[in-house]
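Engineer: what would the 3D arrangement of this be:
(4 chains)
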2 protein chains.
Amino acid sequence: MARNKRHLDPKIKKEEIELVATTLFKEKGYENTSMAEIARSAGVAANTIYWYFENKDDLLIAVLNRVVSQAMAEVVALREQPLGTRLLKLIAQVESSGSLMADIHSRVSHSPKVQAWHDQFHAMVEQLSVSELVNAGVDVEEAQLDAKLLIYVIEGLLAHPHKLQEREQIIDQALKRIFA
Amino acid sequence: MARNKRHLDPKIKKEEIELVATTLFKEKGYENTSMAEIARSAGVAANTIYWYFENKDDLLIAVLNRVVSQAMAEVVALREQPLGTRLLKLIAQVESSGSLMADIHSRVSHSPKVQAWHDQFHAMVEQLSVSELVNAGVDVEEAQLDAKLLIYVIEGLLAHPHKLQEREQIIDQALKRIFA
DNA sequence: TTTGTTCTAGAATGGCGTTCAAGATAAATT
DNA sequence: AATTTATCTTGAACGCCATTCTAGAACAAA
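Structural biologist: The predicted structure is shown next:
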């Protein structure tokens, strides 16, 4: 017993755990997914996960990096499209990640690492938004503030359920107010 | 043993539990406060709480009602003040409740009751915001959308740390954009 | 005095994230 | 080829948590 599966490439093992965790976190949310379940789905013992990740929050961060980098790639492919269209697409993307974004916020107070990830992510998004706004003709000084407004509106849209049409209306309104 | 404390007015007992829970939830957040700790602080056995409340989420709802009704009273006292001032005061109020607002969002997916409370609370705040905006001269049709924008911005401010000055700037900017 | 309702608490349950100790496997060194 | 070392894997346990079970105490009504 205590059979070892070293013959399976160990680099794939970590990958597999991240992949399974990504799926489960997206489907059922962070809190509703137990380490035991992740392990079962990945075909390893529960404590094996702890060889690759310090704890559950670290696994969450790995999942987040994975999800964000993929989303970024898909959003970059859409440059040339108008800002509103891209925002809606971005929101749809993030929304397909289920409650992941909400999960981040609820873990921020528990884990300094998640906190750090969150802050950095916010800074990045804010920077991107500012340059988008400046590009679109907003005064440089005000772009900083407008970016925050826009981000908070988007977070609100993500955190609360909306019909697609409602979402479009709200985004339109936000842009209209900013570019009035 | 199994000494009973009936001589202490039982209506005060429930009150005491709610009061202690309010303090602890505000101080340390919902997830970081255990039922055992609440019970200890209230001077009862852990399971006694379950006579008064179905579960921890129900206790949270009782605490929320308590906090909100108090906050509402203090905000009403400020009518006559301009909208921006009142918003800042409101945010300061809510912020003094620690991570309570964030805790709601993180419990919404776990408890249908918390979900219902959250939805109702949102509807109420939205209604109030709409009438504020209409009062302040915003077109009735647009007030609906602007209210959502405003609420999401406020939620964003609550969910993320800001210096007082930053907060004022962001609120000013939001109002400026809406009333442009 | 008896009966019933309201309340209390010790003990147990089951689930969770996490740690421990004991190995198995494969690679590196002799 | 033999031995040591580093890398992995695991069953079993730990401590904490929300919650439930069961027995019974306190009081009110009959």
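
Engineer: list of residues touching the lowest-mean-pLDDT helix or strand in chain A?
Structural biologist: The weakest-scoring helix or strand in chain A, judged by mean pLDDT, DSSP states H and E, is helix A:83-95 (a mean of 86). Helix A:83-95 has contacts (CB atoms under 8 Å, 6 or more residues apart in numbering or on different chains) with A:71, A:74-75, A:78-79, A:81, A:100-101, A:132, A:136, A:154, A:157-158, A:167-168, A:171-172, A:175. Any C-beta I mention is one placed from the backbone N, CA and C, and that applies to glycine too.

Engineer: that one: which residues count as buried?
Structural biologist: By 16 or more other CB atoms under 10 Å in any protein chain shown, the buried positions in helix A:83-95 come out as A:83, A:87, A:88, A:89, A:90, A:91, A:93, A:94, A:95.

Engineer: so what does the one helix or strand residue A:133 maps to touch, helix or strand wise?
Structural biologist: Assigned by DSSP states H and E, residue A:133 belongs to helix A:112-135. Applying 3 or more CB pairs under 8 Å, 6 or more residues apart in numbering or on different chains; DSSP states H and E, we find helix A:112-135 packed against helix A:56-76, helix A:100-108, helix A:140-159.

Engineer: got the angle for it vs helix A:83-95?
Structural biologist: Counting by axes from the mean of the first three to the mean of the last three CA atoms, to 10 degrees, helix A:112-135 lies at 160 degrees to helix A:83-95.

Engineer: specify the angle between helix A:112-135 and helix A:100-108 in degrees.
Structural biologist: Using the same axes, to 10 degrees: helix A:112-135 against helix A:100-108 is 130 degrees.

Engineer: ok, back up a step: quick check: angle from the least confident helix or strand of chain A to helix A:56-76?
Structural biologist: Angle, helix A:83-95 to helix A:56-76, by the same axes, to 10 degrees: 150 degrees.

Engineer: just how off-centre is helix A:83-95 within its chain?
Structural biologist: Put simply, helix A:83-95 sits 13 Å off its chain's centre (CA atoms, centre = their mean, to the nearest Å).

Engineer: likewise for stretch A:90-98?
Structural biologist: 8 Å.

Engineer: for stretch A:169-180, same thing?
Structural biologist: Distance, stretch centre to chain centre, for stretch A:169-180: 24 Å (CA atoms, centre = their mean).

Engineer: about what we covered before: buried ones among the contacts of helix A:83-95?
Structural biologist: Taking 16+ other CB under 10 Å as the criterion, what is buried in those is A:71, A:75, A:100, A:101, A:132, A:154, A:157, A:158, A:167, A:171, A:175.

Engineer: pick the one among those residues closest to DNA strand D.
Structural biologist: Distance to DNA strand D, by CB to the nearest atom of the strand, is smallest for residue A:100 among the buried ones among the contacts of helix A:83-95, at 23.4 Å.

Engineer: the closest one contacts residue A:25, correct?
Structural biologist: Yes: applying CB atoms under 8 Å as the test, residue A:100 and residue A:25 come out as touching, 6.1 Å apart.

Engineer: overlap in contacts of those two?
Structural biologist: In contact with both residue A:100 and residue A:25: residue A:63, using CB under 8 Å, 6+ apart.

Engineer: close to DNA strand D, is stretch A:108-125?
Structural biologist: No: remark: stretch A:108-125 sits outside contact range of DNA strand D, by CB under 7 Å from any atom of the strand, the gap being at least 12.5 Å.

Engineer: now do the buried residues in that stretch.
Structural biologist: For stretch A:108-125, burial by neighbour count (16+ other CB under 10 Å) applies to A:108, A:109, A:111, A:113, A:114, A:117, A:118, A:125.

Engineer: could you pull up the mean pLDDT of that stretch?
Structural biologist: Mean per-residue pLDDT for stretch A:108-125: 95.

Engineer: and that stretch, how far out from the chain middle?
Structural biologist: In this view, stretch A:108-125 has its centroid 11 Å away from the chain centroid, taken as CA atoms, centre = their mean.

Engineer: got a list of what residue A:179 touches?
Structural biologist: Listed by CB under 8 Å, 6+ apart, the contact set of residue A:179 reads A:136, A:137, A:138.

Engineer: what values do phi and psi take at it?
Structural biologist: phi -100, psi 10 (degrees, to the nearest 10).

Engineer: that one and residue A:149, how far apart?
Structural biologist: Counting by CB to CB, to the nearest Å, the gap from residue A:179 to residue A:149 is 12 Å.

Engineer: again with residue A:137
Structural biologist: Taking CB to CB, one finds residue A:137 at 16 Å from residue A:149.

Engineer: over to residue A:74?
Structural biologist: According to CB to CB, residue A:74 and residue A:149 sit 25 Å apart.

Engineer: returning to that earlier point: CSV for the buried ones among the contacts of helix A:83-95, including pLDDT and distance to DNA strand C?
Structural biologist: Shown next, in CSV, are the buried ones among the contacts of helix A:83-95 (pLDDT from 0 to 100; distance: CB to the nearest atom of the strand, whole Å):
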residue, pLDDT, distance to DNA strand C
A:71, 90, 25
A:75, 87, 31
A:100, 93, 15
A:101, 90, 19
A:132, 93, 37
A:154, 94, 29
A:157, 93, 28
A:158, 89, 23
A:167, 94, 32
A:171, 96, 35
A:175, 96, 40
